[in-house]
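Student: Pasting the sequence and the predicted model now:
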Amino acid sequence: MDENITQHFRPEEAPFIDAVGNWLQQVQDEYRPVLTHFLNPRQVYVATTLARRADIPVRFSGGFAAAEMQRALFYPDYYTPEAQDFELTLLRVDYPVKFATLHHSQILGTLLGSGIEREIIGDIITDGQTWQLVTETNMADYLTGQVERIGRVKARLVTTTWDALVQREDEWEPEAATLSSLRLDSIVGTGFHLSRHRAKELIEAGRVRVNWADTEKPDYELAVADLVSVRGFGRIRLDEVGGRTKKEKIRVILAVLKK
């Protein structure tokens with residue numbers, strides 16, 4: 001990928017940028033659509049930016065509006081994408097609802113423990129009782145035959161229809177703020193109304209992840225579409241970075257999802 005492009009992103013994003021470059025080249029060379037695994041919000045942002053620069057159309061879908069994890073479909077001009085092109089399947093967690101309680105982390109941990117990669121699982125959602133997850137269609141049979149327990153709870157995955165999609169109970173709350181910097185500790189502190197010192201402690205204690213990757217660097221600089229998870233508190237997404245105030249503070253829009 002051209003250095004003029006990569007310089008606008010983080011050094012650690014170089015492998016993903018190269019992957020996007022290969023997908024775009026594949027569309028151009030083979031003149032056909034190219035479907036990816038699930039991408040996180042930051043990867044969606046990067047893929048969108050690079051596709052726009054290459055003048056190649058791209059669409060994303062995670063199975064429903066506002067899905068966090070989405071598959072990208074890059075395609076040539078002649079092609080008109082349809083829902084089935086994204087090859088998504090909805091699974092329901094079948095478990096004794098009256099006698100057990102499940103959590104997002106338990107379900108994801110069970111799936112990853114079965115040997116699959118995070119990138120083949122989309123969103124895991126609940127309405128407070130029913131749990132569902134989105135996966136790649138070609139992995140649905142494997143998953144339904146693989147899971148027998150989630151934690152200590154006897155459970156299995158069953159394929160369900162999109163008509164049965166639950167209305168998720170969690171809602172992101174937008175929050176406008178002005179920050180002295182885009183440091184991780186600053187954004188964690190602002191999003192959850194903590195002191196900078198307390199935010200720094202959480203990060204250094206290993207309780208914070210950025211785009212599903214562990215980080216213990218309070219000074220790690222965030223960028224648009226980064227997703228921050230703070231164990232015990234919830235999640236923050238950096239949705240927008242605007243201009244500066246007269247006092248040189250950075251205007252941002254955060255989306256906050258509290259536990």
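Tutor: Thanks, I have it.
Student: Contact partners for residue 58?
Tutor: Applying CB atoms under 8 Å, 6 or more residues apart in numbering to residue 58 gives the contacts 47, 48, 51, 72, 73, 74, 75. Using the backbone N, CA and C atoms, a C-beta is placed for each residue, glycine as well.
Student: Figure out the helix or strand that residue 37 lives in.
Tutor: Element membership for residue 37 (DSSP states H and E) is strand 34-39.
Student: how much does the helix or strand just after that strand deviate in direction from strand 34-39?
Tutor: The first helix or strand that comes after strand 34-39 along the chain, using DSSP H and E, is helix 41-54. Counting by axes from the mean of the first three to the mean of the last three CA atoms, to 10 degrees, helix 41-54 lies at 150 degrees to strand 34-39.
Student: Note down every partner strand of whichever helix or strand comes after helix 41-54 and its orientation.
Tutor: Scanning forward in sequence from helix 41-54 by DSSP H and E, the next helix or strand is strand 58-61. Sheet pairing for strand 58-61, assigned by DSSP bridges, gives strand 70-74 (antiparallel).
Student: I'd say residue 157 and residue 89 touch.
Tutor: No - between residue 157 and residue 89 there is no contact under CB atoms under 8 Å: 10.3 Å.
Student: more crowded one of these two?
Tutor: residue 157 (26 against 20; other CB atoms under 10 Å).
Student: Just list whatever residues bridge to residue 240.
Tutor: Bridge pairing for residue 240 - DSSP bridges - gives residue 253.
Student: where exactly do the strands run in the stretch 101-250 of the chain?
Tutor: 121-126, 131-136, 149-150, 153-154, 156-160, 173-179, 208-210, 213-214, 227-230, 234-244, 250-258 (DSSP state E, counting those that start in this stretch).
Student: Name the residues of the longest one that are buried.
Tutor: By that I understand strand 234-244. Neighbour-count burial for strand 234-244 flags 234, 235, 236, 237, 238, 239 (criterion: 16 or more other CB atoms under 10 Å).
Student: Can you lay out those residues as JSON lines showing pLDDT and distance to residue 222?
Tutor: Shown next, in JSON lines, are these (pLDDT from 0 to 100; distance: CB to CB, whole Å):
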{"residue": "234", "pLDDT": "90", "distance to residue 222": "16"}
{"residue": "235", "pLDDT": "92", "distance to residue 222": "13"}
{"residue": "236", "pLDDT": "96", "distance to residue 222": "9"}
{"residue": "237", "pLDDT": "95", "distance to residue 222": "10"}
{"residue": "238", "pLDDT": "96", "distance to residue 222": "5"}
{"residue": "239", "pLDDT": "95", "distance to residue 222": "11"}
